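> the sequence and its predicted three-dimensional model are supplied below.
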Number of protein chains: 2
Amino acid sequence: MTVASTNSPVAALLVELRRDGGEPLHRQIETAVRDGIRAGRLRQGSAMPPTRAIAADLGVSRGVVVEAYQQLVAEGYLTSRTGGYTQVAMGAEAAAAPAPPVRRKPRIDFGYGRADVTHFPRAAWLRSIRTVLTDAPSERFGYLSGHGMPELREALAEYLNRVRGTSARPENVVICNGYAQGSALLIQVLAAAGARRLAVEDPSSGDDARPVAEGLGLEVVGVPVDADGIQAAALERSGADAVILTPSHQWPTGGVLTARSRVAVLRWARRSGALVIEDDYDAEYRYDRTPIGAIQGLAPDLVAYAGSASKTLAPGLRIGWLVVPAHLSAAVAAAKVAADRGSPAIDQLAFADFVRRGEFDRHLRRMRPLYRRRRDALLFALDRKLPDFEATGRAAGQHLVAWLPPDLSEAAVTAAAARYDVGVYGVSPYRLSSAGRGGLIFGYASLSERTIVEGVDLLATAVAELRG
Amino acid sequence: MTVASTNSPVAALLVELRRDGGEPLHRQIETAVRDGIRAGRLRQGSAMPPTRAIAADLGVSRGVVVEAYQQLVAEGYLTSRTGGYTQVAMGAEAAAAPAPPVRRKPRIDFGYGRADVTHFPRAAWLRSIRTVLTDAPSERFGYLSGHGMPELREALAEYLNRVRGTSARPENVVICNGYAQGSALLIQVLAAAGARRLAVEDPSSGDDARPVAEGLGLEVVGVPVDADGIQAAALERSGADAVILTPSHQWPTGGVLTARSRVAVLRWARRSGALVIEDDYDAEYRYDRTPIGAIQGLAPDLVAYAGSASKTLAPGLRIGWLVVPAHLSAAVAAAKVAADRGSPAIDQLAFADFVRRGEFDRHLRRMRPLYRRRRDALLFALDRKLPDFEATGRAAGQHLVAWLPPDLSEAAVTAAAARYDVGVYGVSPYRLSSAGRGGLIFGYASLSERTIVEGVDLLATAVAELRG
């Protein structure tokens, strides 16, 4: 019914009352009044017309309007005044919303951290989900333990011990939503135990742990890395209560921590009571030799191991895991409960099934040669087109670093590349100290070989222009 | 091959080298040595036998053993000494693990917070997951926005505006892993903005927000509730920067915040610049009348609305949502990114599909009469067997409170019930002040009607004994 009268503010709001038996009439009136108040068409404090008048305007029984008014009074939109009239309440009003910001990606983007999700094993994952939804007992969907699902902790302990040389027991595994949350939980536990200073590699990926640590009042100190990873002697001088390490493939420079340094780091940790947090972020992708086993396997009481499915399957899964020293296991699980009451049940059970059935191994076997070919294409193109860029950290992972010759600055090269719609990224933003050689981080995992070659070609053109 | 010689410590560790072409021989040796070091069978600092001797013992070429040793040296298990011999490194050792603690549930447990997950809509959920895994573009599985998936934010805004009377825009929705994380994100944002004091209802569920707030240095103050929810006048005197409210169904006492109090709370919030956090924890289950609309709908710029699928679908999903004032939207999304880089992608997309296809509404329609019958069974049994227990908060949700007559204490009744293997829980642990009437919280959502009746029977017997 179209409302003809414009005398009534409510009738003015109601274009049409639907009488198809769907939504009750009083609910339609309520909605119209709420919308009117929010949009500012019904001003705060203004009197509402008598129910009798509205009912006549709309051609409904008065009881329908009374019901709507009562509901809106109960919700606080309207106020019932002594004297029998009703007005728009003073608290009720509309909200404004800003437009979300937009950031454009370059056409060819060597940005790091983009696993090739086009190869996500959808069919196998669906099979695991179906298995869980068919077989899992209902209580598995209830509230969760902070440690995570026993099935997944067992599957991961077996997998990590086999593939990464860890010494993991299921009871010391804590499932989390990726590395960022995992490191945050560890830092929270450390802070609660009185830790004051956290050492990180310099350069390193500062965006995960640093704000968390500083937010909890910890001082964050950088310890220099060289071609072999963190400088153990500098770590010893740091006075830190914990250190975050990427021993298998230093991020971003790609160094592998030497055996001597591993032992020195652990000796320091034992002597000073410090915790080593091992970020094993891309260990599954190693191209030129057997992966170096995790340092956690050497001293499970001193090292908290952190891994995730973000680089191997997809970041969107938000599945990560910690293997923590036995004496920290309960505290880390409690921190996980405090953070979010545990990770999603179905995902955990599905991943356990996926690992147990060998699908995870299979997926890694499929992806390794793919990434290797992309790395080879990048190395070959750099070598041919930019021979004075010195590529390092090439043996593993989904990125490498190319150190710049002395005549080029990171800022100049990244700006020049951007003009060709190519995204390359400097090492400097990851340095805690200001000093250090200029270098570019090339993520290659999500780019085709053809795109990689084209990107380096364009970069070389940009660099040639820079050099005049 | 079974190793006969026991002269070599390594050979003693190796029961069998498998020569089926599966795992390479050097890897098998590495594993055996690692295990031996961890188990303490190879002591730190002890000399390893020469590679030549091991090779002879095991019947393999010396190169195989050299390769294994080199790997173990690289990993830090072994140390290569000048003079050519190799020893077990000093850092390497085994870990001990404690047994996890066990807590027994009573046979009939009226514990709150247990939605009936046996009715989780497995087939419909699987359908949504299949749709996502078939249709979603790959980039959806990459890194995520802190706000969450646009599909889910749109579906939820539509659902909440329709069913809960909110004024939600998709751009102000933030997806999180359940209410606990959602409230933590809000408190973090408040603390960063300089908030000093958080008001909560007294009694209330303290285990979610309180430790987070206190951990961030906020003072937490209780504001008394009466039969109509929080006392607005007391809130005005609290000097708080924010308040957490359960206006639709106060937890645990079950009061519904009156329209007058709603307006008073919002007026206070506007005048003092405070934020109202609305915990709409069980609004979907209301039995005796139309649900009261969310207070957020009255003042979306003053109220942060929080809901979750824990009570409606299953806690194990870990899906929750916030609708925040526009000016807080970016900060809350940033806090979510800092916490865990966003909620799992596939779950979000599946839930969006589930809501959009009307499955969520359908599930709620199926569950409502079920819970209602359980509530009725509980009310009837209490009325018959324990007529001087005064049940309140019965109109909605998955629990109610029964106030105790003056001659009974919570402690005495819960202990007496426990002797009959019945779990009932006092209100007192949820009080911030010490004063207050004794009462018991009865969660009934996951118990059959028969079990509810049996539980109340046993409780009545226990109470009769108490009264001697």
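Yep, that arrived.

> scan chain A for its longest strand.
In chain A, taking DSSP state E as the definition, the longest strand is strand A:219-226.

> what strands line up against that strand, and which way round?
strand A:197-202 (parallel), strand A:229-230 (antiparallel) (DSSP bridges).

> now the first one: how far from the chain's centre is it?
With CA atoms, centre = their mean, to the nearest Å as the basis, the distance from the averaged C-alpha position of strand A:197-202 to the chain average is 21 Å.

> residues in contact with the helix or strand that that strand is followed by?
Per DSSP states H and E, the first helix or strand lying C-terminal to strand A:197-202 is helix A:206-215. By CB atoms under 8 Å, 6 or more residues apart in numbering or on different chains, the residues outside helix A:206-215 that reach it are A:179-180, A:183-184, A:187-188, A:191, A:198, A:200, A:220, A:244, A:277, A:430, A:432, B:338. From N, CA and C alone the C-beta is placed, and that goes for glycine too.

> swap the cut-off to 7 Å and go again
With CB atoms under 7 Å, 6 or more residues apart in numbering or on different chains as the test, helix A:206-215 has contacts from A:179, A:180, A:183, A:184, A:187, A:198, A:200, A:220, A:244, A:430, B:338.

> please look at the fifth one and residue A:200 and confirm they touch.
This points to residue A:187. No. In this structure residue A:187 lies outside contact range of residue A:200 using CB atoms under 7 Å: 10.9 Å.

> that older thread, in terms of mean pLDDT, which of the strands paired with strand A:219-226 ranks lowest?
For the strands paired with strand A:219-226, mean pLDDT drops lowest on strand A:229-230, to a mean of 92.

> and the nearest residue to residue A:402 once chain neighbours are set aside, how many neighbours?
Once flanking residues are discounted, residue A:402 sits nearest to residue A:389: 4.0 Å by CB to CB, 6 or more residues apart in numbering or on different chains. Residue A:389: 22 surrounding residues under other CB atoms under 10 Å in any protein chain shown.

> dihedrals phi and psi, residue A:389?
Backbone torsions of residue A:389, given as degrees, to the nearest 10, read phi -80, psi 130.

> distance of it from residue A:379?
Distance of residue A:389 to residue A:379, computed by CB to CB, to the nearest Å: 10 Å.

> quick check, pLDDT for the residue of the stretch 351-468 of chain A found nearest chain B.
Closest to chain B within the stretch 351-468 of chain A is residue A:446: 8.4 Å, counting by CB to the nearest CB. Residue A:446 carries a pLDDT score of 93 in this model.

> need the contact list for residue A:446.
Contacts for residue A:446 (CB under 7 Å, 6+ apart) come out as A:114, A:115, A:116.

> go with 8 Å
A:114, A:115, A:116, A:117, A:118.

> filter those down to just the buried residues.
Listed as buried from those are A:114, A:115, A:116, A:117; burial here means 16 or more other CB atoms under 10 Å in any protein chain shown.

> so what's the first one closest to, chain neighbours aside?
Spelled out, it's residue A:114. Counting by CB to CB, 6+ apart, the residue nearest residue A:114 is residue A:446, at 4.1 Å.

> part of a strand, is that neighbour?
No. Applying DSSP: H, G, I helix; E, B strand; the rest coil, one finds residue A:446 to be coil, outside a strand.

> mean confidence for stretch A:87-106?
Taken as a whole, stretch A:87-106 has an average pLDDT of 57.

> hang on, residue A:205 packs against residue A:429?
No. Counting by CB atoms under 8 Å, residue A:205 stays clear of residue A:429, with 10.1 Å between them.

> so, low pLDDT: which residues of the stretch 201-350 of chain A?
Scanning the stretch 201-350 of chain A for pLDDT under 70 picks out the ranges A:206-207.

> can you pull out the helices in it?
All helices of the stretch 201-350 of chain A, identified by DSSP state H, counting those that start in this stretch, fall at A:206-215, A:232-237, A:259-272, A:329-340, A:345-356.

> return the residues of the stretch 301-450 of chain A in contact with chain B.
A:301, A:314-319, A:325-326, A:329, A:338-347 (CB under 8 Å from any CB of the partner chain).

> out of the residues you listed, which are buried?
Among these, those buried by neighbour count (16+ other CB under 10 Å) are A:301, A:314-319, A:325, A:329, A:338-347.

> re the thing from before, quick one: the contacts of helix A:206-215 as a markdown table, columns for distance to residue A:282 too.
Listed next are the contacts of helix A:206-215 as a markdown table, based on distance: CB to CB, whole Å:
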| residue | distance to residue A:282 |
| --- | --- |
| A:179 | 11 |
| A:180 | 15 |
| A:183 | 15 |
| A:184 | 20 |
| A:187 | 21 |
| A:198 | 22 |
| A:200 | 17 |
| A:220 | 23 |
| A:244 | 15 |
| A:430 | 16 |
| B:338 | 22 |
